[in-house]
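A.B. asks: for reference, the sequence and a predicted model appear below.
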Amino acid sequence: EGAVRLLVSDSPELVDPVVSEPRHIGETDPRVVRLRVDGLDPQTRYHWALEVDGRVDRERSGTLRTLPEGPASFTLVAAACARSGSNGAVFDAIREVDPLVYLQLGDLHYANIGTDESDRFEAALQQVLTMPGQAALYRSTSIAYVWDDHDYAANDGDSTSPSRPAAEQVYRSWVPYHPLVSEQPEGPIGQSFVTGRVRVVMTDSRSQRTPSGASEGSAQQILGAEQELWFAEQLALARAAGEVVLWAGSTPWIGEPTDGGDTWAGYPAARRRMADLIVDAQMQDRLVMVAGDAHRVALDDGSHTDYSTSQAGGFPLLQAAALDRPGSVKGGPYSGGTFPGGGRYGEIVVSDDGGTTLDITLRGSTWDGELLVEETFTLPAGTTAG
């Protein structure tokens, strides 16, 4: 046992660090310690290290950047779907982009745990965190993560999965997260944060999902009633603050209704409700979506994303996968094309000079630098935007 503290400084030598309250190994799972520091400046790069029993451990060290407040330009990376034990070069490529935040959109691993066994989920995360390429990325980049089926349950898992209690418990114990939709033991792990004038809204589309084909109308759920209400509240907050919304989740959106399908197309009533929420909030022209699960990069300019009752207009969408799984295609069509395969990730590049609009560039690339698709969208921003 020993006392552990987190040291954070704007200098590599950790001069005059901000220091967390100490935690003692053994108070919780000895492999996981959650430490917090306050008082950091926005939009600043910091260096951090752990201090164990008074000794600074330079092996457990890294960097981070705090989020900007007010208009700012930055890059986010989004990706999904990595095999268990992956040490792919794609993680090095993401680290070289130096994103402000890495949005991990599910299938962090493919353990496919279908039982209520916490130790199996812990072992899967332990494997993720000890792979050199992934570890280097996570030490240098902030991460926001929501699960999909293979890291929450077995294939196509939903709210009835026997693994749900263990998955929920281990996520809350092991994973850093922004305030969740619900702190209830089996509540959704959806979460949001604001960076510049962009509100990132990440949704959990697994733990509250009704079984495929088992329900209709209002009973048909991908997010669950509580998370749908929270999503509507996030849209209202963004509208009032003059923010653009980046909706990030694991489930592909575009596709013809398919009975028994595992994407939003298999849940058409739930998809229409979400589309209507966006229109009701008058946010269809101030929202961009990024999703994982399907093992390909794809981009749509809004031509195929409108499933609202009023047909009020679609929004841009980027599919960002797979990190290192074989290629696959689900749904479509996409105005910008589709590029199946592994070694892929997406970028969301925000250019904001504080005016009445901001630009968001959606880009999909491969680990070795090939640009697959790119398109820039100008969205209204600011509280006076129409």
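C.D. replies: That came through, no problem.

A.B. asks: ok now stretch 87-94, how far from the chain's centre?
C.D. replies: Distance, stretch centre to chain centre, for stretch 87-94: 17 Å (Cα atoms, centre = their mean, to the nearest Å).

A.B. asks: any low-confidence regions in this protein?
C.D. replies: Judged against pLDDT under 70, the low-scoring parts of the chain cover residues 1, 26-30, 384-386.

A.B. asks: which residue comes closest to the residue nearest the centre of it once chain neighbours are left out?
C.D. replies: To find the centre residue of the chain, average its C-alpha atoms and take the closest one (Cα atoms, centre = their mean): that gives Leu103, at 3.7 Å. Here the nearest residue to Leu103 in space, its sequence neighbours aside, is Ala78; by Cβ to Cβ, 6 or more residues apart in numbering that works out to 4.1 Å. For the C-beta atoms, the positions are set from N, CA and C on the backbone; glycine is no exception.

A.B. asks: make sure that neighbour is indeed in a strand.
C.D. replies: Yes - when DSSP: H, G, I helix; E, B strand; the rest coil is applied, Ala78 is found to be in a strand.

A.B. asks: ok, it - contacts?
C.D. replies: Residues in contact with Ala78, defined by Cβ atoms under 8 Å, 6 or more residues apart in numbering, are Tyr102, Leu103, Leu105, Ala248, Val290, Gly292, Leu318, Ala320, Tyr345, Gly346, Glu347, Ile348.

A.B. asks: quick check: the first one touching Ile143?
C.D. replies: Right, Tyr102. Yes - under the criterion of Cβ atoms under 8 Å, Tyr102 makes contact with Ile143 at 4.9 Å.

A.B. asks: which of these two has more residues huddled nearby?
C.D. replies: Here Tyr102 and Ile143 are set side by side on neighbour count (other Cβ atoms under 10 Å), and the busier one is Tyr102, at 22 against 16.

A.B. asks: partner residues bridging that one?
C.D. replies: Tyr102 forms beta bridges with Val77, Ile143, as assigned by DSSP bridges.

A.B. asks: got a list of what it touches?
C.D. replies: Contact analysis of Tyr102 by Cβ under 8 Å, 6+ apart lists Leu76, Val77, Ala78, Ala79, Ile94, Leu137, Thr141, Ser142, Ile143, Ala144.

A.B. asks: of all those residues, which comes closest to Gly62?
C.D. replies: Closest to Gly62 out of the contacts of Tyr102 is Thr141 (8.6 Å), distances taken as Cβ to Cβ.

A.B. asks: surely that closest one meets Pro99?
C.D. replies: Yes - using Cβ under 8 Å as the test, Thr141 is close enough to Pro99 to be in contact (6.1 Å).

A.B. asks: more crowded one of the two?
C.D. replies: Each of Thr141 and Pro99 had its neighbours counted (other Cβ under 10 Å), and the higher figure belongs to Pro99 (24 against 21).

A.B. asks: neighbours around the closest residue in space to the more buried one that isn't next to it in sequence, how many?
C.D. replies: Across the structure, with Cβ to Cβ, 6+ apart as the measure, the residue nearest Pro99 apart from its sequence neighbours is Val77 (4.0 Å). For Val77, the count of nearby residues is 27 (other Cβ under 10 Å).

A.B. asks: apart from its neighbours in sequence, what residue is nearest the residue lying farthest from the centre of the chain?
C.D. replies: Ranked by distance from the centre of the chain (Cα atoms, centre = their mean), the top residue is Gly54, with 35.0 Å. The spatially closest residue to Gly54, leaving aside those adjacent along the chain, is Ala3, at 7.7 Å (Cβ to Cβ, 6+ apart).

A.B. asks: quick check: phi and psi at the one you found.
C.D. replies: Geometry field for Ala3 lists phi and psi as phi -80, psi 130, criterion degrees, to the nearest 10.

A.B. asks: quick one: residues contacting it.
C.D. replies: For Ala3, the contacting residues are Pro22, Arg23, His24, Ile25, Val52, Asp53, Gly54, by Cβ under 8 Å, 6+ apart.

A.B. asks: please redo it, this time with the cut-off set to 7 Å
C.D. replies: Under the criterion of Cβ atoms under 7 Å, 6 or more residues apart in numbering, the neighbours of Ala3 are Pro22, His24, Asp53.

A.B. asks: dump those residues to JSON lines, plus neighbour count and distance to Gly88.
C.D. replies: Shown next, in JSON lines, are the contacts of Ala3 (neighbours: other Cβ atoms under 10 Å; distance: Cβ to Cβ, whole Å):
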{"residue": "Pro22", "neighbour count": "14", "distance to Gly88": "36"}
{"residue": "His24", "neighbour count": "11", "distance to Gly88": "36"}
{"residue": "Asp53", "neighbour count": "12", "distance to Gly88": "36"}
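
A.B. asks: buried ones in stretch 108-123?
C.D. replies: Residues of stretch 108-123 classed as buried under the neighbour-count rule (16 or more other Cβ atoms under 10 Å) are Leu108, His109, Tyr110, Ala111, Asn112, Ile113, Glu117, Ser118, Arg120, Phe121, Glu122, Ala123.

A.B. asks: which of these lies closest to Tyr267?
C.D. replies: Sorting the buried residues of stretch 108-123 by distance to Tyr267 puts Asn112 at the head of the list, at 21.8 Å, by Cβ to Cβ.

A.B. asks: and the closest one, that's in a strand?
C.D. replies: No - the secondary structure assignment for Asn112 gives coil rather than a strand, going by three-state DSSP.

A.B. asks: which one is it nearest to, not counting chain neighbours?
C.D. replies: Leaving aside its sequence neighbours, Asn112 is closest to Ala154 (4.9 Å, by Cβ to Cβ, 6+ apart).

A.B. asks: what's the helix or strand for the one you found?
C.D. replies: In the assignment (DSSP states H and E), Ala154 maps to no helix and no strand.

A.B. asks: what about it, distance to Ala167?
C.D. replies: Applying Cβ to Cβ, to the nearest Å, one obtains 11 Å for the distance of Ala154 from Ala167.
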